[in-house]
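J.: dropping the sequence and predicted coords here.
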Amino acid sequence: MNNRNRLTIYILIGLVAGVVVGYLANVGMATPGTFADYMSLISTMFLRLIKMIIAPLVFATLVVGIAKMGDAKEVGRIGLKAMLWFVIASVISLSLGLILVNLFRPGDALTAMVPAADAASGIATTGLTLKEFITHLIPSSIVDGMAKNEILQIVVFSLFFGTAAAAVGPRANAMIDAIDGVAHVMLKVTGYVMNLAPLAVFAAVSGTIASKGLGVLSTFGIFMAEFYFGIVLLWIVLTIAGFMFLGPRVFALLRELREPTLLAFSTASSEAAFPKTLEGLERFGVRNRIAAFVLPVGYSFNLDGSMMYCTFAVVFIAQAYGIEMDLSTQIVMMLVLMLTSKGMAGVPRASLVVIAATLTQFNIPEAGLLLLLGIDHFLDMARSATNVIGNGIATAVVAKWENELTDPVKKDLATEPLP
């Protein structure tokens, strides 16, 4: 058993053990909230360690990838292809959420449980205006952007820096080699941090179950089951789309993404899976310069799971309050979400913030978010895992379009000495 398979098994064990221990703490302890607080320290430590890696890793890999392309036109061409895929995937995700929520109508079953329309949700709706999006997009200081892990800002600065390094030519080679060394060092640091993943998964799941109990799952079980069904459908659609370009190799790609997907699901954080996703894509055969460019951009613009959740949740809340939205209104809402969802990166509790802003635009009580807050963590687990799958497939497809996708098996056979 290799180290990757062993880590996957340990994460699964941590996930199951977390559910069991969390349930026992919830029913057997006088103050399960205290247990949850202690567990949150462990999961918070792990997520902070991961976030510590993200900024230097994204910067280093993206700059080296762009500098090795050596041509601003090539960067633009690859970026255009990536954005084309991202837009198509966004439309599919948003449309699927819209279709399913109208088909299942989960909000009708909760009309008796809705909070008062003037109740406060506690979710700030700021940060989604055009001005705030530009603020998230363009850094006033790259040091500040890195300190706050603003991925959009890091990507923008890295695009300029890498393109300029390529334009300078041989004089920048020593610097590019040094930055490439930083990328390899950060990947090694990632390996050290990932050893804590099973413990972090156990802590995150057990703490959540201990504080909320299994009752929250049964109360909103139908809604969660319908949403998870939609997530599975989205995975199937994304896999079919990948199959159209990658052929049967898409299944090998999914095997490579198994570990980061499980990690994102367990921790409810796609950021936590970024380093492992990058490694998996390179093992699959995506050249580093493509993976290092497309994947970080995808983390800002291609959040398939989160976008599907936005349409699903907004119409669900409208149904719960007995508000009927006609087809034209829902299409307008989908277009609004298409734009506002692109500002998710760097916004705390991103999906909830986007939903809150959308509710106010369509005169739907923002208090409806209170229906989702109790189960949002469990929904976020599915969203985060889907974001990893969507970005992994997108990066591999762009690599295929650019003829930058190698076959590791054939490569190994070609380099293997004859008997």
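T.: Received, thanks.
J.: low-confidence regions, the stretch 101-250 of the chain specifically.
T.: Under the criterion pLDDT under 70, the flagged ranges of the stretch 101-250 of the chain are 110-133, 135-136, 215-219.
J.: pretty sure Ile355 contacts Ala313?
T.: Yes - using Cβ atoms under 8 Å, Ile355 and Ala313 qualify as a contacting pair, with a distance of 5.2 Å. For every residue, glycine as well, the C-beta is placed using N, CA and C.
J.: what residues are shared contacts of those two?
T.: Listed contacts common to Ile355 and Ala313 are Leu372; contacts here mean Cβ atoms under 8 Å, 6 or more residues apart in numbering.
J.: which elements pack onto the helix or strand encompassing Ile179?
T.: With elements taken from DSSP states H and E, the one containing Ile179 is helix 173-194. The contact analysis (3 or more Cβ pairs under 8 Å, 6 or more residues apart in numbering; DSSP states H and E) places helix 173-194 against helix 32-69, helix 274-284.
J.: the longest one to helix 274-284, inter-axis angle?
T.: Angular relation of helix 32-69 and helix 274-284 on a 0 to 180 degree scale: 50 degrees, by axes from the mean of the first three to the mean of the last three Cα atoms, to 10 degrees.
J.: buried set for the next helix-or-strand element following helix 32-69?
T.: Next in sequence after helix 32-69, counting helices and strands by DSSP H and E, comes helix 72-104. For helix 72-104, a neighbour-count test (16 or more other Cβ atoms under 10 Å) marks 75, 78-79, 81-83, 85-86, 89-90, 92-94, 96-98, 100-101, 104 as buried.
J.: relative to helix 32-69, how tilted is helix 72-104?
T.: Between the axes of helix 72-104 and helix 32-69, defined by the same axes, to 10 degrees, the angle is 140 degrees.
J.: re earlier: mean pLDDT lowest where, among the helices and strands packed on helix 173-194?
T.: Among these, helix 32-69 carries the lowest mean pLDDT, at a mean of 83.
J.: just the angle between it and helix 173-194, please?
T.: An angle of 160 degrees separates the directions of helix 32-69 and helix 173-194 when computed by the same axes, to 10 degrees.
J.: so how far is helix 32-69 from its chain's centroid?
T.: What separates the centre of helix 32-69 from the centre of its chain is 13 Å, taken as Cα atoms, centre = their mean, to the nearest Å.
J.: contacting residues for the closest residue to Thr190 other than its chain neighbours?
T.: Among residues not flanking Thr190 along the chain, Pro275 sits closest, at 3.9 Å (Cβ to Cβ, 6 or more residues apart in numbering). Residues counted as contacts of Pro275 (Cβ under 8 Å, 6+ apart) are 50, 53-54, 57, 186-187, 190, 194.
J.: tell me how far Pro275 lies from Glu282.
T.: Summarising the geometry, the distance separating Pro275 from Glu282, computed by Cβ to Cβ, to the nearest Å, is 11 Å.
J.: now Pro56
T.: Separation of Pro56 from Glu282 (Cβ to Cβ) stands at 18 Å.
J.: now do the helices in the stretch 201-350 of the chain.
T.: Ranges of helices within the stretch 201-350 of the chain are 215-219, 221-246, 249-256, 258-267, 274-284, 288-301, 304-320, 327-340, 350-361, based on DSSP state H, counting those that start in this stretch.
J.: quick one: which of those helices is nearest Asn387?
T.: Counting by Cβ to Cβ, Asn387 lies closest to helix 304-320 out of the helices of the stretch 201-350 of the chain; the figure is 5.0 Å.
J.: can you give me how far the closest one is from the chain middle?
T.: Centre-to-centre, helix 304-320 and its host chain are 17 Å apart (Cα atoms, centre = their mean).
J.: one step back: which positions within the helix holding Ile179 qualify as buried?
T.: Using 16+ other Cβ under 10 Å as the burial criterion, the residues of helix 173-194 that qualify are 176, 179-180, 182-183, 186-187, 189-190, 193-194.
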